[in-house]
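Engineer: fold the following, please.
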Amino acid sequence: MMEITIADSQGVRFADVSGRIDSKTAPEVENILRSFTGEQEGNVIVNCSGLEYISSGGLRALLIIEKEMKGSGRHLILCGLRTDVEKIFRLTGFTSIFTIEKTVGDAIEHLR
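Structural biologist: The predicted model follows:
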């Protein structure tokens, strides 16, 4: 099971993701985050502190959104990765593709 909670503050869209992003839930994550890429401005911070697992399908969904955001000159920042999830990002080489911060506060500071 996966849940996403959305909030907006000071021109930044926050998405708190919890549970598992796997082959079943990856399309939903992609659709929700893709709705942000259609907007003209604003950066997105994805808080992954509640994310327990991400599959290759989940990584692909995030990669698509990252490319779309970057293409429009905006930022997608991931933060709060648990050790197991961070290991998946590291082993796949995705730590060099994404901006990853330790905390939401660090992600906000990165945008300043």
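
Engineer: ok, longest helix in the chain?
Structural biologist: Secondary structure of the chain per DSSP state H: the longest helix is helix 56-71.

Engineer: give the next helix or strand downstream of it.
Structural biologist: Moving toward the C-terminus from helix 56-71, the next helix or strand (DSSP states H and E) is strand 76-79.

Engineer: give me the neighbour count for residue 106.
Structural biologist: By the criterion of other Cβ atoms under 10 Å, residue 106 has 14 neighbours. C-betas here are computed from N, CA, C, even on glycine.

Engineer: so it makes contact with residue 79?
Structural biologist: Yes - the criterion here is Cβ atoms under 8 Å, and residue 106 meets it with residue 79 at 6.4 Å.

Engineer: distance from the chain centre to the longest helix of the chain, please.
Structural biologist: In terms of Cα atoms, centre = their mean, to the nearest Å, the centre of helix 56-71 is set 8 Å apart from its chain centre.

Engineer: and residue 32, what is it in contact with?
Structural biologist: The contact partners of residue 32, taken as Cβ atoms under 8 Å, 6 or more residues apart in numbering, are 4, 6, 15.

Engineer: could you report the neighbour count for the first one?
Structural biologist: In this case it means residue 4. By other Cβ under 10 Å, neighbour count at residue 4 equals 18.

Engineer: and it, helix, strand or coil?
Structural biologist: For residue 4, the assignment made with DSSP: H, G, I helix; E, B strand; the rest coil gives strand.
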